[in-house]
Every structure is written in structure tokens, then in C-alpha cells.
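Q: Using only what follows, build the 3D model:
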Amino acid sequence: MQQPPPPPPPPQITGVSVAPQSVAIAAGATTQFTATVTGDATNSVTWSVNGVAGGNSTTGTIDANGNYTAPQGTGVAVTITATSTKDTTKSGNASAKGVVPGTYAATNNTQVVQYTVTAPADAKVSVEFGLDTNYGTPTWQQATPAGGGAVSLFVAGMKANTTYHMRGVVAFNDGTIFNDADHTFTVPSLPTGVLPTITTTTAGTRQSGVEVLDLLSSGSKVDTVITDLDGNPIWSYDPGLGSGVIPQPIKLLPNGDFLLNFAAGQPDGANSQLQEVDLGGNLKWSLSAAQLNAALSQATCSGCNINVVGTHHDAVLLPNGHIIVIAALLNTTVVQNTTVTGDVIIDLDQNRTPVWVWNEFDHLDINRRPLSFPDWTHTNAVIYSPDDGNLIVSIRNQNWLVKVNYANGTGDGSILWKLGFQGDFILQDSQGVADNDPTHWFFAQHGPSFTTSNTAGKFGLILFDNGDDRGYPVTTPSPGSCGVTGQPACFSTIPMLSIDEGGKTATVTLHPSAQVYSFFGGNAEVLKNGHIEYCESTTNPATDGDIYEITADNNPSIIWNLHVTGQTVYRGFRLPSLYPGVQW
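A: Numbering: from 1, shown residues only. Sure thing, here's the model as predicted:
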């Protein structure tokens, strides 16, 4: 009799998969994992956490249905394993992170809180905040220590007397995102009389970001202020150095801190304090004029054997971490019975030790005195050219921008060129035709900046042309002032120039006039959207200041205007946000 065929062998179990593959939940919360066993329709598995069946109070627990509960009060990063009950050699893994809710604390700045999140694995942490639980405004991301750990972030950009919602966002390296619980914080009101009245008008699509105001002192008012584009102060800093102290400049550093130089009195740089300050209002370090002179006396660099008044007007952080500063220098030997004020450019290394000095008394003609002698040079800005490692220095009382052979600290300090009236360049109109009217140059200028990504050879510049001594070329060699009999009327402009270093031509590609004449201060830049922003330090009345965003043409439309009442504005400029690399 023929035997029936043997029953088919049971299906071979070939693997186990677990979903989701990665999850992040709040400490004490529960989430469900599911297992799929290839070759077993019943998907029969046992569950373990970090190799412990069912887990424990330290790692979190998991029940027979795959419900994992993270431990209370502590953060964990664990491996969840599902093992086939029919073939215990087959298993699948997933990861789970339990995150303790973040906390926040007050800082020295009443508009800023410090938010701390501890991630149990490698991650990047940020905070988002806003007027409701849609949030909408992010901080930057900061990485945890290797293997995870606490990250503390300053949450800045909030208006006074306003309640905000905020939550931490943890982006783990495996792609898992954890959104912290919602927190609320009510920003207190600011003291009355501390900040000036700031108003704005908008007549078009403005470039987004925040506005940095470098204000001049007025009684007890704070001079370092950042506003949103509706004029609401969202950050300010008072160094506590007394009235009459002016911040020149304000620079956002790559580490998220601000570099500020405070000085008071004359000559420029008197009682100076160069500071690094974080968003929470904490002073990281400072360098006084006395400390700088002590460092100069110990330095070994050529030209460092000087005694300066102090730092003033500008500072530039270089890619290598060095800081370029301007310092005033008094000289009683170059002109008989006269104390002449000139400037030096000092390169401070990462330890704020002077390593390179450029002295204007060594490179410029003391007999050239277009404006305000014996305040001979009145240097007010430095910009760094990464393309060739050199410096472009704005020397207001010479009506020049000069390019200095810095060569990333190895240069001999020679002047490579002078840009301006009686300089090395031919001025051309937008058609490339030589412009022989010397009053079309800039005079007593402030705040140059690059308009192109290239910064050497052929490149673009824009600046604020105050125009104070626009009469100088008419009455050469005697100094002349605008607005007096026989001289041009006083007006300020915002020239945009295309520079050809090889051909020594400066082509005016755009030359709009400012709204009013501003005899000091100011700056200009091209914004990301192609508009021009410029600052008029003093406007109408002369105690006020204005910042404008305009279209880039010779008959520009005003897109946006910020007006400060009762304080003049040395510089005003747009930042993408209060955080490097973040656009608001």
C-alpha cells in the first residue's frame, strides 16, 4: 500500500524586523513597537530592553505587546529587541531614547532665558519659540558632547511684556526628532526711559532679519540695542561703564557672542573697553586701553613699542581667530608744538597678544590735511579681504580707503593703493567714461562693505559718503567745507563702486543720494534681497537717527525706514537673526 507523502516542513523563519526602527519619547512616556517575523504568521516574539527580558526600572520596561515605557526622571538610549519564540536565533532590533523634559532659567538679560536639554545620545539641540504653539522662530542648533549630554541655549529675540511659548527640539544623529513639552515664559517690561523711542514704516517687501542699532549715548539710555523690523527692542546690553560710553562696533561672532568696543571721550579710544558678551549678558572677557598698552609693551612684533589712547570705531574677527582693532595714537614730534592724533591697526592673536602693527605715521603724508587737523586721520573702519588676506582701511579725515599689505599677518604694511580724491584710481561713470569732477568722489566716509563675493582684483564696494569736506577739491590745497560760500551744498550719498585693482579704475555703478545730509557716522551694505540698507547717524532733527532699506537704483523707493527719536545712530545694520547661520 502506497504511503501518503510526508507533511511539508514548517516554514523556515528567516528574520525578525521591528517598527519603528527608532523613536524618542519623553521620560516616563510609553510607545508601542511591533515585530514582523518572516516565516511565522503569528509573529510570536519575546521582548527585551538592552538584553534584559521585559526591561527594568533603569532601562525602561516593555510588555508582551511591545509597549515600551521609558524610565521616569532620567534620560536613556536603549536597544529594543524582539526575538522569535519559534527560532530564538532570529531577532530584530530598534532603538529608543527617553528624554527628560527641558528646563529654562532667567539670565542677566531680562529678555533672554537659558534653556537646557539633556539628550541621551549624539544629537543637535535647538529651541523654537513664538507667541503660540506654532512657535515659528528657531534658535541655532548646538551639538551635544560625544555620546550625548546637556546642551544649554540662550533663547533670545523676544519682545518685552509678552508671553512666549517655547520647546526644545532634539535632532538625534539617527534621524529621530524629539519635541520637548511646551513651556511658557512672560518677558517682563523694560524699565522706562532706558531705551529711545523707535518707530518703523514699511512700503514693500523688506529683507527679513533683525536690526542692530549702535546708538550714541544720551543720558542714562542704553546704546546697544537690537530690534525686530517693527522697531520692537528684542535685545540690549548695558556695560555699566557710565554715561557717554559709545559702542563702536557691534559684531556677531561665529560662537554666537557679540564683540563690542566701548569708548568715551576724546581723542578717540579714551577709556576704551573691548568686550566679548554672550546673549545672556555675561561678560566673557574684556581688554581695556591700559591692558592693551601693557600687552604692547611686552610684544615682540615690529612697531609694537607704542602707547595708544585706546581702541575705537571698528574691530574685525579674522578666520584664524585673530582680531583686528583700530587704536588712536598721539604724536608730538611730527609737527612742532602740536599733538597730532593718528591711528594704528593692531592684530591681536587668539590670546589678545599684539602680533602685527600698522602705523599711519609711517605710511601717510603728515602734510596732507583735508579735514579737522590735528585729528589727522580719524580711521573709522577696517574690512578684511579673504581673497588676498589684506585689509581695506577707511580713513575719514583723509577721504580715502587705503589697501594695506597685511597678507594674513606676513605683510610689510605698505599701502597697495589709495581710493578717493587724489588717490590712485580714475573715477568713471556707469558708462565707463572718466569723471573729472573731483566732488563726485566720497568725502569723510563711513562704513564700507563688499558688494561681491570676490574681494580682490575686480570687486564691488559700497559706503556712506558723508560729504563734509566736499569743498576740499575745489579749494585745494586749503581745506574746504561743504555748504559755505563758494562751496558745494552739503549732501550725503551712497556710492556703489566697481573696483578694478589692475586697471586702477573705480566705476560708479549706482549713486543714490541720502535722504538728508549726515555729517558723521553711517554705513551701507547690499542686503540679501538686492536692496541697499544705509544708516544716517543724524537726520532731522539732528538729535535723531534713521536707517533706510531702499531699492537699488538711482531714484530709489524707500522700502523700510527705522527712526530713532532722541539718540543718533552711529551704525545700523541687518542681521539674519540673533544666531549665526539662522535666517528669521
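Q: Around residue 108, how many other residues sit close by?
A: Using other CB atoms under 10 Å, residue 108 has 13 neighbouring residues. Backbone N, C-alpha and C define where each C-beta goes, glycine included.
Q: How about residue 154?
A: 24.
Q: for it, helix, strand, or coil?
A: Put simply, residue 154 is strand when judged by DSSP: H, G, I helix; E, B strand; the rest coil.
Q: Quick check: closest non-adjacent residue to it.
A: Nearest non-adjacent residue to residue 154, counting by CB to CB, 6 or more residues apart in numbering: residue 279, 3.9 Å away.
Q: Let me see the contact set for residue 309.
A: Listed by CB atoms under 8 Å, 6 or more residues apart in numbering, the contact partners of residue 309 are 267, 268, 269, 270, 272, 289, 327, 328, 329, 330, 341.
Q: got the contact list for the longest strand along the chain?
A: Using DSSP state E to assign secondary structure, the strand with the most residues in the chain is strand 162-172. Strand 162-172 has contacts (CB under 8 Å, 6+ apart) with 22, 24, 97, 99, 102, 104, 113, 115, 117, 119, 121-133, 135, 138, 141, 155, 158, 177-187.
Q: Repeat that for stretch 436-446.
A: 370-371, 380-381, 394, 396-397, 399, 401, 420-421, 427, 463-474, 482, 488, 493, 495, 508, 511, 519-523, 537, 571.
Q: 7 Å instead?
A: By CB atoms under 7 Å, 6 or more residues apart in numbering, the residues outside stretch 436-446 that reach it are 371, 380-381, 394, 396, 399, 420-421, 427, 463-470, 472-474, 488, 495, 521-523.
Q: Buried subset of the residues you listed, written for ChimeraX?
A: Burial among the contacts of stretch 436-446 is assessed by 16 or more other CB atoms under 10 Å; the matching ChimeraX selection reads:
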select :371,380,381,394,396,399,420,421,427,463,464,465,466,467,468,469,470,472,473,488,495,521,522,523
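Q: in its sheet, what does the following helix or strand past the longest strand of the chain sit against?
A: Using DSSP states H and E, the helix or strand that follows strand 162-172 in sequence is strand 177-179. Partners of strand 177-179 in the sheet, by DSSP bridges, are strand 162-172 (antiparallel).
Q: The partner strand: how far from the chain's middle?
A: 22 Å (CA atoms, centre = their mean, to the nearest Å).
Q: Quick check: mean pLDDT of that strand?
A: Averaging pLDDT along strand 162-172 gives 98.
Q: Render the CA-only coordinates of it in CSV, please.
A: Provided in CSV are the C-alpha atoms of strand 162-172 (Å, rounded to 0.1, in the frame of the first residue of the first chain):
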residue,chain,number,x,y,z
THR,A,162,4.9,89.4,26.1
THR,A,163,4.2,85.8,26.9
TYR,A,164,6.0,83.3,24.7
HIS,A,165,5.7,79.5,24.1
MET,A,166,9.0,77.6,23.7
ARG,A,167,10.1,74.0,23.4
GLY,A,168,13.4,72.2,22.8
VAL,A,169,14.0,70.2,19.6
VAL,A,170,16.4,67.4,19.8
ALA,A,171,17.6,66.0,16.4
PHE,A,172,19.4,62.7,17.1
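Q: buried ones in it?
A: Going by 16+ other CB under 10 Å, strand 162-172 has these buried residues: 164, 165, 166, 167, 168, 169, 170, 171, 172.
Q: Check which helices and strands the lowest-mean-pLDDT helix or strand in the chain sits against.
A: Taking mean pLDDT, DSSP states H and E as the measure, the chain has strand 246-252 as its least confident helix or strand, at a mean of 93. Secondary-structure packing of strand 246-252 (3 or more CB pairs under 7 Å, 6 or more residues apart in numbering; DSSP states H and E): strand 210-215, strand 258-263, strand 310-317, strand 569-575.
Q: number of nearby residues for residue 197?
A: The tally of other residues near residue 197 (other CB under 10 Å) stands at 11.
Q: Having no further points to raise, I will conclude here.
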